[in-house]
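Engineer: here are the coordinates; sequence isn't available:
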């Protein structure tokens, strides 16, 4: 007598005949079970190329060979204690980078590079290495990440996690956007996860992922922005050219376009013309943008 | 003095064998469980990076069980940490057949894929491990660390539900 709780499993593996199943379930069900068996045998799950050994092996840090221990027991304890004290204070200390009024090119100890925009702040533990790759960012930065363990950036509004790729983050506190220029990026914003691949961007304004034209982002002599609050871009120009720029407008404006990062006059035109702002220079460093 | 055993996971050639043997199985297993291929890819990479990082701690005799346990725990932590995962349910599961076969029974296949998402996680894992990975009930039981009888019950339930779901749909169409 077949077990009532497992006879379908027995039929699927061939130890219960079609006739026996038909007696229990009827002809219509038998035909459907046959169809399920036949169709489900063609199911496949494609494994991504990133999981091939040749690709994955590039991320593996080299192992050091174990060294012989020759010191005495007492010396070992004392040395361990000193090392522990040293390590704990070492781990607690942070390395901080800022960029008051220029683009700061930072090379991290894992080989990754960061271009920190004016006004940005980046910090990580001094123990940052290929295994421990966590950073905090406020402001705007462009990252080119070397392969290794997950590279995690926490900013006021979200978390961005990658393995090896290139992308830009702007987090002003009120606005958060991530643009992926290479590889794949995982973005967490308000508890929701979005995955970006090359040419896709996430914005906190729309709370969704959009495809974008990457070409302007890859030109280093200009700054390209897509639907970014105007205040952010004005702040960047102010810091870059050491100016004090105020906007006289009641509306919220979003900037899309390029800004010349080397020429002050061109930069001022970029942020005023699209919105028909009149640029009034009050003195050498103070400007007001007034809505006409 | 503690020495690294001859067949240690810290030996890159051994690690490579372990990776090649289990990484794809882990990826598929996580996809069956959590229905999010991006999560499965990230977690599979993280599991093996952790294994490599702490290779001296692990015993090769239990490595398979350890890999699957780590994968499952890391996935659950990730889901808990982020509360919500945005991913299309088992979107990377396809059918492998000829163009002519594709035309035949297309609706049935679509409905079967949808119905798989309505199975419980345990039922779906057993069903897909058998149908895609071609594992026997004994092998599935071994991997999930449950009895063979439990696997057979889950398979029975999975088939029963699929039959009901597909039957209801076909009646609606009539």
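Structural biologist: Right, received. Where do you want to start? Since the model is a prediction, treat every value here as computed from it, not as a measurement. Numbers count the residues shown, from 1 in each chain, chains lettered A, B, ... in the order given.

Engineer: for the stretch 101-250 of chain A, what spans make up the helices?
Structural biologist: Using DSSP state H, counting those that start in this stretch, the helices of the stretch 101-250 of chain A run over A:215-218, A:230-240.

Engineer: for chain B, that is, sorry about that
Structural biologist: Under the criterion DSSP state H, chain B carries helices at the ranges B:12-34, B:37-53, B:63-82, B:99-103, B:106-116, B:121-131, B:137-144, B:148-173.

Engineer: most tightly packed of the helices of the stretch 101-250 of chain A?
Structural biologist: Among these, judged by mean count of other C-beta atoms under 10 Å in any protein chain shown, the one packed with the most neighbours on average is helix A:230-240 (a mean of 21). From N, CA and C alone the C-beta is placed, and that goes for glycine too.

Engineer: packing partners for that helix?
Structural biologist: Helix A:230-240 is packed against strand A:222-229, strand A:244-248, strand A:254-260, helix A:264-272, with contacts defined by 3 or more C-beta pairs under 8 Å, 6 or more residues apart in numbering or on different chains; DSSP states H and E.

Engineer: 10 Å instead, please
Structural biologist: When contacts are defined as 3 or more C-beta pairs under 10 Å, 6 or more residues apart in numbering or on different chains; DSSP states H and E, helix A:230-240 packs onto strand A:134-144, strand A:166-171, strand A:222-229, strand A:244-248, strand A:254-260, helix A:264-272, strand A:286-291.

Engineer: chain center to the longest one, what's the gap?
Structural biologist: Just to be clear, that refers to strand A:134-144. 9 Å (C-alpha atoms, centre = their mean, to the nearest Å).

Engineer: again, but for the second one
Structural biologist: Here strand A:166-171 is found 7 Å from its chain centre; the criterion is C-alpha atoms, centre = their mean.

Engineer: weakest of the helices of the stretch 101-250 of chain A by average pLDDT?
Structural biologist: Mean pLDDT per stretch puts helix A:215-218 lowest among those, at a mean of 74.

Engineer: which residues touch residue 132?
Structural biologist: Here I'm looking at chain A. When contacts are counted by C-beta atoms under 10 Å, 6 or more residues apart in numbering or on different chains, residue A:132 is found next to A:91, A:110, A:124-125, A:149, A:152, B:53.

Engineer: if you could check chain B rather than the one you did, that'd help
Structural biologist: For residue B:132, the contact set (C-beta under 10 Å, 6+ apart) comprises A:40-45, B:28, B:31-32, B:93.

Engineer: change it to 6 Å
Structural biologist: A:43, A:45 (C-beta atoms under 6 Å, 6 or more residues apart in numbering or on different chains).

Engineer: before we move on, back to that, mind putting the helices of the stretch 101-250 of chain A in JSON lines, distance to residue A:160 included?
Structural biologist: Rendered in JSON lines, the data for those read as follows (distance: least, C-beta to C-beta, whole Å):
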{"stretch": "helix A:215-218", "distance to residue A:160": "16"}
{"stretch": "helix A:230-240", "distance to residue A:160": "18"}
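
Engineer: one step back: mean neighbour count, the helices and strands packed on helix A:230-240: which tops it?
Structural biologist: Highest mean neighbour count of these: strand A:166-171, a mean of 24 (counted as mean count of other C-beta under 10 Å).

Engineer: narrow the contacts of residue A:132 to those that are buried.
Structural biologist: A:110, A:124-125, A:149, A:152, B:53 (16 or more other C-beta atoms under 10 Å in any protein chain shown).

Engineer: what is the nearest of those to residue B:155?
Structural biologist: Set against residue B:155, the nearest of the buried ones among the contacts of residue A:132 by C-beta to C-beta is residue B:53 (37.4 Å).

Engineer: gap between the closest one and residue A:61?
Structural biologist: Noted for residue B:53: a distance of 8 Å to residue A:61, by C-beta to C-beta, to the nearest Å.

Engineer: now swap in residue A:191 and tell me
Structural biologist: 32 Å.

Engineer: so which of these two has more stuff around it?
Structural biologist: residue A:61 (15 against 10; other C-beta atoms under 10 Å in any protein chain shown).
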